[in-house]
Every structure is written in C-alpha cells, then in structure tokens.
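Trainee: Just a sequence and a predicted model for now, questions to come.
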Amino acid sequence: MTHSDTTARRIVVGAALLADGRVLAARRSAPAETAGRWEFPGGKLEQGETAAQALVRELREELGVEARALARIPGAWPVRADLELQIWTAELLSGTPAALQDHSELRWLTAAELDSVDWLDQDRFALPAVAALLTLPAER
Ligand SMILES: Nc1nc2c([nH]c(=O)n2[C@H]2C[C@H](O)[C@@H](COP(=O)(O)OP(=O)(O)OP(=O)(O)O)O2)c(=O)[nH]1
C-alpha cells in the first residue's frame, strides 16, 4: 500500500432511486457553486459506514423515505482531490420523496428525459448506465 492509498479519498454515494421506469433527480440548493445543478440524492460516508448504509441514512434525512441500496453502478468519479462519487441503484421501501433538506426540487425522469436537467459534471458519466437500467424490459 502506498502513502496515497492510506490518505484515500472520502466517498460520496449518490442514489439512483428507481421506480416505475423512472429515476429520481434532485436539484441542489447549496452551496452556491453547485446550487441549481442536479444530482443523485446522497452524501458522504461517515466513519465506519458502508455505502449502502450511507445511502439509506441520506435518503431518510434528505427525502424522508425508507429506501434500500440495490447494486453499485461500475465506476468512481472524482468530485475533488479528496472526494470521489460512487453511484448505487436503490429502491423505495416506503414514503414519498420530498425535498426536505439540501434540495429545491425533485423530478422523476424517464430514460428519454435524463438529459433534460443540468446534472453535476461527474454524474453525467453514470447516465448511460442509468438509462440502460431504465429501458430494461420489466422482470416478469
Ligand atoms: N450527494 C451527491 N453529491 C454529489 C453528486 N455528484 C457530485 O459531484 N456530488 C458532490 C457535491 C458535493 O461536493 C459532494 C457531496 O456533498 P454533500 O453535501 O451531498 O454531502 P453530505 O450530505 O454528506 O453533506 P456534508 O457532510 O458536506 O454536510 O459531492 C451526487 O450525485 N450526489
């Protein structure tokens, strides 16, 4: 292990919350540099937390829902020198998402609508994978 491994980036997990062939996009309300841009709701992992646990906690805090992480979308994208974005698909267990904290608007987007909002730069890398998931035929 090198020195840079031991000072590894912190991880921010974004949730691609899927329901009825749509994914939830959230418009950030702060800070000024990113306000108005769209993202997958989520946040930084806290000490000792897995990405799946952080996702559940953040969606509870930010959207007021109970959700479950499903699978990680392959890839990791640098947000800053000390922070990298990972995106997981997730499903709603209960509740209706509301912009309680950190967001000014929520939208459920189909694959065709994914390009209709101004995503944060790093999130754009994950959009083709999200679009592919949204266009899969239903399992049954
Ligand atoms: N949550 C989230 N953050 C993203 C995404 N894409 C992206 O570049 N980011 C950036 C924005 C922020 O610089 C950082 C996450 O910060 P955050 O403010 O959501 O984290 P947090 O809820 O844990 O808040 P805090 O500890 O800083 O108070 O990652 C994304 O899809 N979701």
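Mentor: All right, it came through fine.
Trainee: Relative to the ligand, which residue of this protein is the closest?
Mentor: The nearest approach of the chain to the ligand comes at Gly43, 2.6 Å away (CB to the nearest ligand atom). Placement of C-beta: from N, CA and C, glycine included.
Trainee: Can you tell me the closest non-neighbouring residue to that residue?
Mentor: Spatial nearest neighbour of Gly43, chain neighbours left out: Glu58 (4.3 Å); criterion: CB to CB, 6 or more residues apart in numbering.
Trainee: Close to the ligand: what parts of the protein are there?
Mentor: 12, 14, 34, 39-40, 42-44, 79, 83, 85, 120, 122-123 (CB under 6 Å from any ligand atom).
Trainee: among those, which ones are buried?
Mentor: Val12, Gly14, Glu39, Phe40, Gly42, Gly43, Val79, Leu85, Leu120, Gln122, Asp123 (16 or more other CB atoms under 10 Å).
Trainee: what's across from the third one in the sheet?
Mentor: The reference is to Glu39. Judged by DSSP bridges, the bridge partners of Glu39 are Ala26.
Trainee: Contacts only, for it.
Mentor: Gly14, Ala25, Ala26, Arg28, Trp119, Leu120, Asp123 (CB atoms under 8 Å, 6 or more residues apart in numbering).
Trainee: do the same with the fifth one
Mentor: Going by CB under 8 Å, 6+ apart, Gly42 touches Val12, Val13, Gly14, Ala15, Ala54, Leu55, Glu58, Leu59, Glu62.
Trainee: Excluding sequence neighbours, find me the nearest residue to it.
Mentor: Closest to Gly42 by CB to CB, 6+ apart is Gly14, at 4.2 Å.
Trainee: would you put the C-alpha positions of the helix or strand hosting that neighbour in CSV?
Mentor: Element membership for Gly14, per DSSP states H and E: strand 10-19. Provided in CSV are the C-alpha atoms of strand 10-19 (Å, rounded to 0.1, in the frame of the first residue of the first chain):
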residue,chain,number,x,y,z
ARG,A,10,-13.6,10.0,1.0
ILE,A,11,-16.6,8.6,-0.8
VAL,A,12,-19.8,10.3,-1.6
VAL,A,13,-22.6,7.9,-2.5
GLY,A,14,-25.4,9.0,-4.9
ALA,A,15,-28.6,7.0,-5.1
ALA,A,16,-30.2,6.3,-8.5
LEU,A,17,-33.6,5.7,-6.9
LEU,A,18,-35.6,3.7,-9.5
ALA,A,19,-39.4,3.4,-9.6
